[in-house]
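Trainee: Below are the sequence and a predicted model; questions follow.
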Amino acid sequence: MMFETWWLLVLPLVFGLGWMAARLDLRQLISEQGALPRSYFKGLNFLLNEQPDQAIDAFVEVARLDPETTELHFALGALFRRRGETERAIRVHQNLATRPDLPEPEREHALYELGQDFLRAGLLDRAEESLRRLMSGPYAASAKRVLLELYEVEKEWQKAIDAARELQTLEQKDYRVQIAQFCCELAQDALQKKRPEDAVAWLRRASEENPANVRAPILLGDVAMASGDARAALGHWLGIETQDAAYLPLVADRVVKAYGTLGEQGQAIDWLRGLLKGNLAPELLDTAYRTELDVNGPEAAAALMREQLRRQPTLLALTRYFEAQAAEMQAAEAAVAEGAAVATAGGEAVAPDQTSEVAAIRDLLQVRTRNLARYTCRECGFRARLFYWQCPGCNRWETYAPRRSEALG
Ligand SMILES: [Zn+2]
């Protein structure tokens, strides 16, 4: 019986001790948390509540109280830049980059961030200066990639070639497509400065770098045409058929012009008619229509479009067909009016009502098809009326297929 009484006395004591121990643990925890400034938690709270302005103020306070916290400085710099406050971002990163006690990897990180701040602020020279200091180390490849973008924006193609070559070894990635395009850009510069020999040299280098590059033969043809050698130009352009026929529509107008210069319009028409039977027909339809109209008149052009509609019915072919029909009818009306002035004999007159009906259909179709055909970037989906070797949307090279997509929108 004595034992049970003892037990009743000890039990509350054990509970009491447990309670005190728990309180001690809590106190210790609270005092440990006190080592981090209150502003830190305030800032974190603001950040989690998506209130970046207040978060920045709170973090600036922490950074002021404890200047050793480099991670926080990097976070602040990134926040500033993302919010477009490039001047503040530059100041934060510049402070880090010039701190003598900073270990080398962190200093390189600061230089890399600084380069991006300058780029964002449009201070391209200073961006280049910062990034060029990162020749080796973990940020070398990233810095080089940013530098390459910068050179493309500044159209410094020789520097772009050098950067791409260095990246090729740093990243073990293939940059030949880009390098060949940079050579083509240099060739175009040379052409503008009336230095065709230099242009040809750059274009040969482009083809050596990337034999699949189609822009080089297109430009080689331009050089030949400019020097008055239409036959040589035709050689370059028609050669694209064996290289990558999908790009032929890009040179179709040039080919027609070159044949015209040589007085061989019939050859141009034969060439186009042959291609209209293949899968490039939608792309070549306009060139074929215009050439036929110029050389053989509206009746022949209408017949060609009718034939094309039977083969492959498209809105564009239908539009051109009605264009040719309207032109033909208007020409007939004009001829009748002219004839009537000489003698009032009827002949094969076209009712004016019928002509205006056809013209109305033509107008309607023209409006519907005006913005139909667009080139589309494979990478970012940017659509454009003109063909670009470098996408204006995502700045990637050769991402436009040479075919336009016909979509009713
Ligand atoms: Zn794109």
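Mentor: Structure received.
Trainee: so what's Ala324 up against?
Mentor: 289, 293, 298-299, 301-302, 305 (Cβ atoms under 8 Å, 6 or more residues apart in numbering). No exception for glycine: its C-beta is placed from N, CA and C like everyone else's.
Trainee: Let me see the mean pLDDT of the one helix or strand it maps to.
Mentor: Element membership of Ala324, judged by DSSP states H and E, is helix 315-342. Across helix 315-342, the average pLDDT comes to 83.
Trainee: in the helix or strand following that helix, what counts as buried?
Mentor: Under the assignment DSSP H and E, the closest C-terminal helix or strand after helix 315-342 is helix 352-369. Within helix 352-369, the residues scored as buried using 16 or more other Cβ atoms under 10 Å are 355, 358-359, 361-362, 365, 369.
Trainee: Please apply the same query to stretch 198-215.
Mentor: Within stretch 198-215, the residues scored as buried using 16+ other Cβ under 10 Å are 199-200, 202-203, 205-207, 209-210, 213-215.
Trainee: Relative to the ion, which of these is nearest.
Mentor: Of all the buried residues of stretch 198-215, the ion sits closest to Arg215, with 17.1 Å by Cβ to the ion.
Trainee: Next, the contact list for the closest one, please.
Mentor: 180-181, 184, 206, 389.
Trainee: Skipping its backbone neighbours, what lies nearest Gln54 in space?
Mentor: Phe46 (4.1 Å; Cβ to Cβ, 6 or more residues apart in numbering).
Trainee: so how far is the helix holding Ala324 off the chain centroid?
Mentor: Put simply, helix 315-342 sits 43 Å off its chain's centre (Cα atoms, centre = their mean, to the nearest Å).
Trainee: Likewise for stretch 371-389?
Mentor: So, by Cα atoms, centre = their mean, the centroid of stretch 371-389 is 9 Å from its chain's centroid.
Trainee: ok, now stretch 96-111?
Mentor: For stretch 96-111, the distance to the chain centre is 34 Å (Cα atoms, centre = their mean).
Trainee: ok, and for it, which residues are buried?
Mentor: Buried positions in stretch 96-111, judged by neighbour count with 16+ other Cβ under 10 Å: 96-97, 102, 106-111.
Trainee: mind listing what's buried in stretch 294-304?
Mentor: For stretch 294-304, using 16+ other Cβ under 10 Å, the buried residues are 298-299, 301-302, 304.
Trainee: Show me the longest strand that occurs in the protein.
Mentor: Under DSSP state E, the strand in the chain containing the largest number of residues is strand 400-406.
Trainee: now what about that one, what contacts it?
Mentor: Against strand 400-406 from outside (Cβ under 8 Å, 6+ apart): 246-247, 249-250, 282-283, 314-316, 372-378, 383-384, 387-389, 391.
Trainee: let's go with 7 Å and repeat that
Mentor: 246-247, 249-250, 282-283, 314, 316, 372-378, 387-388, 391 (Cβ atoms under 7 Å, 6 or more residues apart in numbering).
Trainee: helices or strands next to the strand or helix carrying Cys183 in the packing?
Mentor: Here Cys183 sits within helix 176-192, counting by DSSP H and E. Applying 3 or more Cβ pairs under 7 Å, 6 or more residues apart in numbering; DSSP states H and E, we find helix 176-192 packed against helix 157-171, helix 196-209, helix 215-226.
Trainee: So for the shortest one, what gets flagged as buried?
Mentor: Right, the one you point to is helix 215-226. Buried, per 16+ other Cβ under 10 Å, within helix 215-226: 215-225.
Trainee: Tell me the one among those nearest to the ion.
Mentor: Closest approach between the buried residues of helix 215-226 and the ion, by Cβ to the ion: Arg215, at 17.1 Å.
Trainee: ok, the closest residue in space to Leu293 that isn't next to it in sequence - contacts?
Mentor: Once flanking residues are discounted, Leu293 sits nearest to Ala301: 4.2 Å by Cβ to Cβ, 6+ apart. Residues near Ala301 by Cβ under 7 Å, 6+ apart: 289, 292-293, 324.
Trainee: 8 Å instead?
Mentor: Neighbour list for Ala301: 289, 292-293, 320, 324, 327 [criterion: Cβ under 8 Å, 6+ apart].
Trainee: do Leu124 as well
Mentor: 118, 150, 153-154.
Trainee: Now secondary structure too, for these, in JSON lines please.
Mentor: Output for the contacts of Leu124, formatted as JSON lines (DSSP: H, G, I helix; E, B strand; the rest coil):
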{"residue": "Phe118", "secondary structure": "helix"}
{"residue": "Leu150", "secondary structure": "helix"}
{"residue": "Val153", "secondary structure": "helix"}
{"residue": "Glu154", "secondary structure": "helix"}
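Trainee: any chance of these in JSON lines, plus pLDDT?
Mentor: Supplementary listing: those in JSON lines, determined by pLDDT from 0 to 100:
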{"residue": "Phe118", "pLDDT": "92"}
{"residue": "Leu150", "pLDDT": "91"}
{"residue": "Val153", "pLDDT": "89"}
{"residue": "Glu154", "pLDDT": "90"}
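Trainee: Nearest to Asp189 among those residues?
Mentor: The nearest member of the contacts of Leu124 to Asp189, counting by Cβ to Cβ, is Glu154 at 12.9 Å.
Trainee: Once you drop chain neighbours, what's closest to that closest one?
Mentor: Leu124 (6.1 Å).
Trainee: how much space between the one you found and Leu148?
Mentor: Distance, Leu124 to Leu148, using Cβ to Cβ, to the nearest Å: 13 Å.
Trainee: Then Ala55?
Mentor: Distance, Ala55 to Leu148, using Cβ to Cβ: 34 Å.
Trainee: again with Ser227
Mentor: Distance of Ser227 to Leu148, computed by Cβ to Cβ: 34 Å.
Trainee: what about the two, which has more around it?
Mentor: The neighbour comparison of Ser227 against Leu148 (other Cβ atoms under 10 Å) goes to Leu148, with 21 against 11.
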